[in-house]
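Student: Have a look at this prediction, sequence included:
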Amino acid sequence: MAHAHILSLCSLLFLLLSACAGPSWNNPYPPEPPGKKIFYGSFSERPKHLDPVRSYSSNEYAFIAQIYEPPLQYHYLRRPFTLVPLTARSLPKVRYLDAAGVELPQDTPTERIATSEYEIQIRPGIRFQPHPAFARRPDGGYRYLNLQPRDLADIHILADFPATGTREVTADDYIYQIKRLAVPSLHSPIAGLLGESILGFKDFGTRIDQAQAKARKQQGREEVFVDLRDFPLEGVRKLDDYRYLIRLQGTYPQFVFWLAMPFFAPVPWEADAFYSQAGMRERNISFDWYPVGSGPFMLTENNPNLRMVLQRNPEFHGEAYPEEGRPEDEEAGRLRAAGQPLPFLDAAVYSLEKEDIPYWNKFLQGYYDSSGVSSDNFDQAVRFSAQGNAELTETLAERGIRLSTATSPTVYYLGFNMLDPVVGGLSERARWLRQALSIAIDYEEFIAIFANGRGLAAQGPLPPGIFGHREGAEGINPYVYQVHQGQPKRRPLEEAKALLAKAGYPEGVERATGQPLVLYFDTTATGPDDKARLNWMRKQLQKLGIQLVIRATDYNRFQEKMRTAGAQIFMWGWNADYPDPENFFFLLYGPNAKVGHDGENAANYQNPEFDTLFEQMKNLPNGPHRLAVIDRMLEILRRDAPWVWGYHPTAFSLHHAWVSNSQPNEMANNSLKYRDIDPEQRARRRALWNPPILWPLGLGVSVLGLGAVPALIAYRRRERGRGR
């Protein structure tokens, strides 16, 4: 018996040691099917809305932009950001009409244009992903569109429906989704904007609201189906199965950018009818849980407490990888896949990770393919060269990890309330004061201390990648910077002090009263992490002898101050909805002021010349004329200094060596289809980086073996005793 016991322990040890040649023991994923390409990523919070009528946040777009296909998309590699067709055959044709319906030339002044018409032609052969809403009975009728409560007894998730179907996408599906945007009960975040643009949009919403109220009363339940196909919308018209027309009031050139967002992707009426049936909402079977699109991927698992899984859509119509890019794309190998069919991946698995540290450790082990760079692991990942360039640390570089950086189409700024009697107004005194503060508040230092160097000091409101932004010496703000060796250099503090004296505050003291100049910074920042930033802000003004008083308050009170001009200096930010200068300049357009108009012009800035140029610029096509107007607008803003222009943040991302075609594109949300991986290389590196630590097992086996020795001795004694 003792011999058998020891033999079994040795066999166990042999099996444990032989397992070293297999997959890593700590691999959190099931074995991958041979030849399959699976991307591994993470998410930190459950996407609240996956319905394209409501979704409007980046964590939601990470999923639905891979599933839904609007008519247009952003070219993956070109910069500045460029619109190209996705499901459309070409960019939309735009016609301008007068009040009598007569077509006008393209260069007609805006005031003469009564209506704009966008004709969109989609490509034939596009099909929806497999879905139960399309399933048919043998007689041709829909299998699941007239379900009774008893039919749902064994249904808990969408996959419990045994049959699925598909069909071709037509113009009707794009029209149906536009109508959904107008339905008040769906609460689309862009309904207000479209109500001012698409003809008849508000009236359509009112009629649907009434129809739904009637249906709820008749059916005695909240979730009802009103077939939007039965209600005409004046501003949207079907021309044929592959062409439709959108009609806008007046002109809105930036409307074309909205056609690249999931808001305008096709949605089938069958899915609306399917999800509206009684009992579906209670089972989380809805658009918010199970999207229905035509894109390269479909959501096959939605478990927000564990993982979300995107699988390749077997009905995907196909698309090719871009064949052109910038020289740096060629150098980085991002054009090696030019012309190859998309997508490259078979699936993408996203696991829930709420904490940065475990996420980072799993990335280093090779269990996540890409990673951002948080403040906690920044020093471990990135260092800056003597020239100030971001580089990977030696440890990460040795692992073949690559660093990608991209300046976000975002601006964070320090705003002045232009209605304030001290810092506001367009007098020379007020301009000199704001210019002095703009020089003294050192945003290069702010970026280095609080953003780990991840940012670019702004020279105006336009970030890189937006038409009108100029690089290098020609793009500097001459009121704050001067050119030094071809690069912008902040003007010396002495110039700021001279401007402050011209404004009537020599050394920070008001010449007229002899009292120190006191300014007020309004903020919602009240936590311990904000203390260092607020102290930094005080020190910036102390350099000029100015006292800064921090007025911290809760968010609601802060918003009330902004609406009533109660704030003096504040910090704000804006992330582009679309890559057009209009989307940034409108933040300083007079009629868009916060006070009196409840607009996004938080500084309440109003300059008649700037406002006139804005109205001209927003309707111009990109070209020399528009660029000249933008240059003049920037000159006015830099001189008036309604903002301390702040900075544009830089996004840092890391990718393992087995990941290819990863290129940051802050406007293109549908970039998963371009990524490719080498699963064999990943498996080899995971095994190398995650060797099993066997000595505790060996020690345990040894202890067990030694523990068996007394038993062996006793056994032999008994055997000898029996022999005697």
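Tutor: Received the coordinates, thanks.
Student: And residue 488, how far from residue 540?
Tutor: 19 Å (C-beta to C-beta, to the nearest Å). The C-beta positions use only the backbone N, C-alpha and C, and glycine is treated the same way.
Student: just residue 452 next, same as before
Tutor: Noted for residue 452: a distance of 19 Å to residue 540, by C-beta to C-beta.
Student: Over to residue 679?
Tutor: According to C-beta to C-beta, residue 679 and residue 540 sit 51 Å apart.
Student: Pull the residues that contact stretch 498-515.
Tutor: 428-430, 432-433, 435-436, 439, 497, 516-517, 544-547 (C-beta atoms under 8 Å, 6 or more residues apart in numbering).
Student: now do stretch 193-212
Tutor: With contact meaning C-beta under 8 Å, 6+ apart, stretch 193-212 is reached by 115, 178-179, 181-185, 188, 191, 224, 226, 228, 231, 233-236, 246-249, 252, 255.
Student: Please list only the buried members of the residues you listed.
Tutor: For the contacts of stretch 193-212, a burial check counting by 16 or more other C-beta atoms under 10 Å picks out 115, 178-179, 181-183, 188, 191, 224, 226, 228, 233, 235-236, 246-249, 252, 255.
Student: In helices, which of those appear?
Tutor: Secondary structure assignment by DSSP state H places 178-179, 181-182, 191, 255 of the buried ones among the contacts of stretch 193-212 in helices.
Student: thinking again about what came up before, of the contacts of stretch 498-515, select the buried ones using a ChimeraX command.
Tutor: One line in ChimeraX is enough to select the buried members of the contacts of stretch 498-515, burial here meaning 16+ other C-beta under 10 Å:
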select :430,432,433,435,436,439,497,517,544,546
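Student: could you measure the nearest residue to residue 344 once chain neighbours are set aside against residue 97, distance?
Tutor: Ranked by C-beta to C-beta, 6 or more residues apart in numbering and with sequence neighbours excluded, the top spatial neighbour of residue 344 is residue 676, at 3.8 Å. Computed as C-beta to C-beta, the residue 676 to residue 97 distance reads 47 Å.
Student: same question, residue 659
Tutor: For residue 659, the distance to residue 97 - C-beta to C-beta - is 49 Å.
Student: Next one: residue 245 relative to residue 486, how far apart?
Tutor: For residue 245 relative to residue 486 (C-beta to C-beta), the value is 50 Å.
Student: again, but for residue 657
Tutor: Relative to residue 486, residue 657 is positioned 35 Å away (C-beta to C-beta).
Student: With residue 685 instead?
Tutor: Distance of residue 685 to residue 486, computed by C-beta to C-beta: 42 Å.
Student: Those two: who's more crowded?
Tutor: residue 685 (18 against 7; other C-beta atoms under 10 Å).
Student: For the helix or strand containing the more buried one, the averaged confidence score.
Tutor: Using DSSP states H and E, residue 685 sits in helix 679-689. On average, the pLDDT along helix 679-689 is 94.
Student: Tell me which residues of that helix come out buried.
Tutor: Neighbour-count burial for helix 679-689, counted by 16+ other C-beta under 10 Å, picks out 679, 682-683, 685-687.
Student: neighbours of the residue lying closest to residue 164 once chain neighbours are set aside, just the number please.
Tutor: Excluding the flanking residues, the one nearest residue 164 by C-beta to C-beta, 6+ apart is residue 130, at 4.0 Å. By other C-beta under 10 Å, the residues close to residue 130 number 17.
Student: Could you measure from residue 130 over to residue 166?
Tutor: Distance from residue 130 to residue 166, by C-beta to C-beta: 5 Å.
Student: what is in contact with the two at once?
Tutor: Common neighbours of residue 130 and residue 166 (C-beta under 8 Å, 6+ apart) are residue 315.
Student: how about stretch 510-526: buried residues?
Tutor: Buried-residue list, stretch 510-526, by 16+ other C-beta under 10 Å: 517, 519-525.
Student: And for stretch 147-156?
Tutor: So stretch 147-156, judged by 16+ other C-beta under 10 Å, has buried residues 147, 152, 155.
Student: and what of stretch 204-217?
Tutor: In terms of neighbour count (16+ other C-beta under 10 Å), stretch 204-217 has its buried residues at 204-205, 207-208, 211-212.
Student: again with stretch 464-480
Tutor: Applying 16+ other C-beta under 10 Å to stretch 464-480 flags 464-470, 475-477, 479-480 as buried.
Student: chain center to it, what's the gap?
Tutor: Remark: stretch 464-480 is offset 25 Å from the chain centroid, using C-alpha atoms, centre = their mean, to the nearest Å.
Student: Name the surrounding residues that touch that stretch.
Tutor: For stretch 464-480, the external contacting residues (C-beta under 8 Å, 6+ apart) are 79-81, 407, 409, 435, 438-439, 456, 459-460, 462-463, 482-483, 486-488, 490-491, 576, 579-581, 584, 622, 626-627, 630-631, 634, 638-639, 641, 645, 648, 666-667.
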